[in-house]
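[1] Build me a model:
(one chain, ligands or ions: 1)
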Amino acid sequence: MSILTYRFRIKDASSRTHLLRMAGAVNYVWNYCNEVSLLAFRRDQTFFTAYDLHKLTAGTSKDLRLSADTIQQVCTEYVTRRTQFKKIKLKWCSRKRSLGWIPFKAAYIRLQDDTVTYCGHRFRLWLSRPMAGVVKTGSFTQDACGRWYITLQCDVADAAEPVGHLDLGIDLGLKNHIACSDGVQYSRANLTRHYEEALAMAQRAHKTRRVKAIHARIANVRKDWTHKATTAIARRAQVIVIGDVSSTTLIKTRFAKSTYDAAWRIVRSQLPYKAKRLAGVCVDGHERFSSVTCSACGARSGPSGLRGLGVRTWVCPCCGVTHERDVNAARNILAFRSGRATPRKGIPVLEGGEDVNCYLG
Ligand SMILES: [Zn+2]
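    Here you go, the predicted structure:
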C-alpha cells in the first residue's frame with residue numbers, strides 16, 4: 001500500500017468567498033486554541049492537550065459553518081505544532097499572514113466526477129489527471145498567489161509484479177539533469193536562468209504579485225518536468241541505483257545557481273516511492289570516482305580536475321571505448337553498487353588536480 005497525494009486546482013471564481021470564509025473560521029479556531037492554552041498555562045502551569053481542546057470546541061461547528069471533524073483537526077494540529085516548536089504560544093493566524101488551509105476527513109466530503117461537496121457547498125475542480133485508490137484525508141489549501149487547491153490523500157495498492165525489468169544506475173548532474181546507465185538522458189533548460197530577466201524586472205518595479213506568479217511558474221514547470229522524468233525511469237527499472245551526489249559543496253562554488261535549479265533533492269525523494277509503487281526498489285549508490293573511471297575497463301582514465309569539467313565525451317586511452325560523460329558515470333554507479341566492478345586501484349588519475357568529479361558527476 002502506498003499513500004498518493006493528488007492536488008487539483010479549484011475553479012474558484014464562485015467558490016472563492018466560501019473558501020475564504022472557511023479559512024477565516026479555521027484561523028478563528030486556531031487563535032482560540034492559542035489564547036485559551038496560554039490562559040491555562042498562566043493559571044495552572046499545564047498545557048491543554050488536543051483532547052481538552054476538542055472538548056472546549058465541541059458544538060461550535062454550526063456557528064462556524066465548518067464540519068466538527070475540521071475543528072478537531074485544527075485543535076490537534078495546534079497541539080502538534082506547539083509541542084514541536086516547544087513554545088508556550090504560537091503566532092496568531094490571520095488572512096494576511098497565513099495561507100488558507102481547511103483540513104477534512106474523507107467521510108465529510110462527497111466526491112462526484114469533478115465536484116466536491118463539503119459543508120453543503122459544491123466546489124468544482126480541474127481534474128487534471130485520473131484518480132485511483134480510496135480517499136482517506138485531504139484539505140483545501142491556498143498558495144501564495146491566492147489560488148485554491150484541494151489535496152486528497154489516497155490509499156493506492158502497489159503493483160504485484162515489477163513493471164520495469166532493467167537495473168538502472170542514475171547520475172544526477174547539472175548539464176544533463178538525470179542520466180541513466182542505459183544511455184537515456186533527461187535534461188531541461190535552466191529555469192532560474194530562463195526567468196531571471198522577467199523576475200528582475202518585476203522585482204525592480206515592485207510588482208509583488210507578478211514576482212509571486214513567476215516564482216510559482218518556475219516551481220510548477222520544474223515539478224512537472226521532474227515528475228514526468230522520474231515516472232518514466234520508475235516504469236523502466238526494477239532496480240534503481242542513485243548516486244549519493246551532494247549539493248552542499250557545490251552551492252559554495254560558481255555552480256551554485258545551477259545546483260539550486262537542478263533540485264536533486266526532489267528527484268531523490270520521488271524515485272523511492274515511485275519505484276515502490278511499481279514493485280521496484282531504489283537504493284543509494286556511490287558517486288565517488290564515477291566520472292573518472294572508464295565503465296568498460298575500469299581504468300581511471302576519464303576527465304578530472306577543474307579542466308575536465310567541460311568534457312562531455314571522451315575516449316578511454318586504455319581500451320579505446322568512447323564514453324558519454326554522464327552515462328558513463330551512471331554505469332559506474334550501477335557497477336560499484338552491484339559489486340561487478342570497483343574503480344581499479346593503483347592507476348593514477350591522468351589529469352592532475354583535485355578530483356572534483358566525485359561530486360560533480
Ligand atoms: Zn577503458
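
[2] contacting residues around the closest residue to T46 other than its chain neighbours?
    Spatial nearest neighbour of T46, excluding adjacent residues (C-beta to C-beta, 6 or more residues apart in numbering): A40 at 6.6 Å. Every residue, glycine included, has its C-beta placed from N, CA and C. Going by C-beta atoms under 8 Å, 6 or more residues apart in numbering, A40 touches T46, F47, F48, D52.

[3] Also G24?
    R95.

[4] now swap in I233 and tell me
    I233 neighbours (C-beta under 8 Å, 6+ apart): L168, I170, I178, C180, Y186, I240, L271, K274.

[5] ok, which residues in the stretch 201-350 of the chain are in contact with the ion?
    C294, A296, C297, C316, C318, C319 (C-beta under 5 Å from the ion).

[6] Make a PyMOL selection of whichever of those turn out to be buried.
    The PyMOL selection below is limited to those of these classed as buried (16 or more other C-beta atoms under 10 Å):
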select buried, resi 294+296+316+318
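
[7] Quick check: the farthest pair among the residues of the stretch 201-350 of the chain next to the ion?
    Across those, the longest distance by C-beta to C-beta is 8.7 Å; it joins A296 and C318.

[8] This structure - how does it break down into domains?
    According to automatic domain parsing, the chain comprises the domains 2-156, 159-361.

[9] remind me which residues of this protein are low pLDDT?
    For the chain, residues meeting the criterion pLDDT under 70 lie at 305-309, 338-361.

[10] Report the separation between G24 and R95.
    6 Å (C-beta to C-beta, to the nearest Å).

[11] wait, what's in contact with the residue in the stretch 101-250 of the chain that the ion sits nearest to?
    Proximity of the stretch 101-250 of the chain to the ion (C-beta to the ion) peaks at S181, 15.9 Å away. Counting by C-beta under 8 Å, 6+ apart, S181 touches D167, L168, G169, I170, D171, V327, A330, R331, I333, L334.

[12] and the last one, that's in a helix?
    Yes: if the criterion is DSSP: H, G, I helix; E, B strand; the rest coil, then L334 is within a helix.

[13] May I ask you to confirm that it is in contact with L166?
    No: taking C-beta atoms under 8 Å as the definition, L334 is not a contact partner of L166, at 9.9 Å.

[14] So these two - more neighbours on which side?
    L334 (28 against 16; other C-beta atoms under 10 Å).

[15] show me the contacts for the residue lying closest to the more buried one once chain neighbours are set aside.
    Among residues not flanking L334 along the chain, G169 sits closest, at 2.9 Å (C-beta to C-beta, 6+ apart). Applying C-beta under 8 Å, 6+ apart to G169 gives the contacts 180-181, 241-243, 285, 330-335, 337.

[16] And G169, how far from L4?
    Taking C-beta to C-beta, one finds G169 at 27 Å from L4.

[17] cool, and Y78?
    The gap separating Y78 from L4 is 27 Å, by C-beta to C-beta.

[18] So for those two, which residue has more residues nearby?
    Ranked by neighbour count (other C-beta under 10 Å), Y78 and L4 place Y78 first, with 22 against 14.

[19] Would you agree that one falls within a strand?
    No: remark: Y78 does not belong to a strand; assigned using three-state DSSP, it is helix.

[20] isn't it right up against N34?
    Yes: the pair Y78 / N34 is scored as a contact, 7.0 Å apart, by C-beta under 8 Å.

[21] which residues are in contact with both of the two?
    L90.

[22] Span of stretch 279-299 from start to end?
    35 Å (C-alpha to C-alpha, to the nearest Å).

[23] can you check stretch 44-56 too?
    End-to-end distance for stretch 44-56: 17 Å, by C-alpha to C-alpha.

[24] Contacts for that stretch, please.
    C33, V36, S37, A40, F41, Q72, C75, T76, Y78, V79, T80, R82.

[25] which one of those residues sits closest to the ion?
    T80 (55.3 Å).

[26] Tell me the secondary structure at the most centrally placed residue in the chain.
    Centroid-nearest residue in the chain, with C-alpha atoms, centre = their mean: I266, separated by 4.6 Å. Look at I266: counting by three-state DSSP, its state is helix.

[27] Excluding chain neighbours, what is closest to it?
    Nearest to I266 is T226, by C-beta to C-beta, 6+ apart, at 5.2 Å.

[28] Test my guess that that neighbour contacts Q270.
    Yes: counting by C-beta under 8 Å, T226 does reach Q270; the two are 6.6 Å apart.

[29] Mind checking which of the two has more residues around it?
    With neighbours defined as other C-beta under 10 Å, T226 and Q270 compare such that T226 has more, 22 against 19.

[30] Contacts only, for H227.
    Q270.

[31] what about it, distance to H286?
    Remark: distance between H227 and H286 (C-beta to C-beta) = 27 Å.

[32] cool, T208 as well?
    45 Å.

[33] the more surrounded of the two?
    H286 (16 against 11).

[34] Please tell me how far the more buried one sits from R129.
    For H286 relative to R129 (C-beta to C-beta), the value is 36 Å.

[35] Name the residues of stretch 322-329 that are buried.
    H323, E324, R325, D326, V327, N328, A329.
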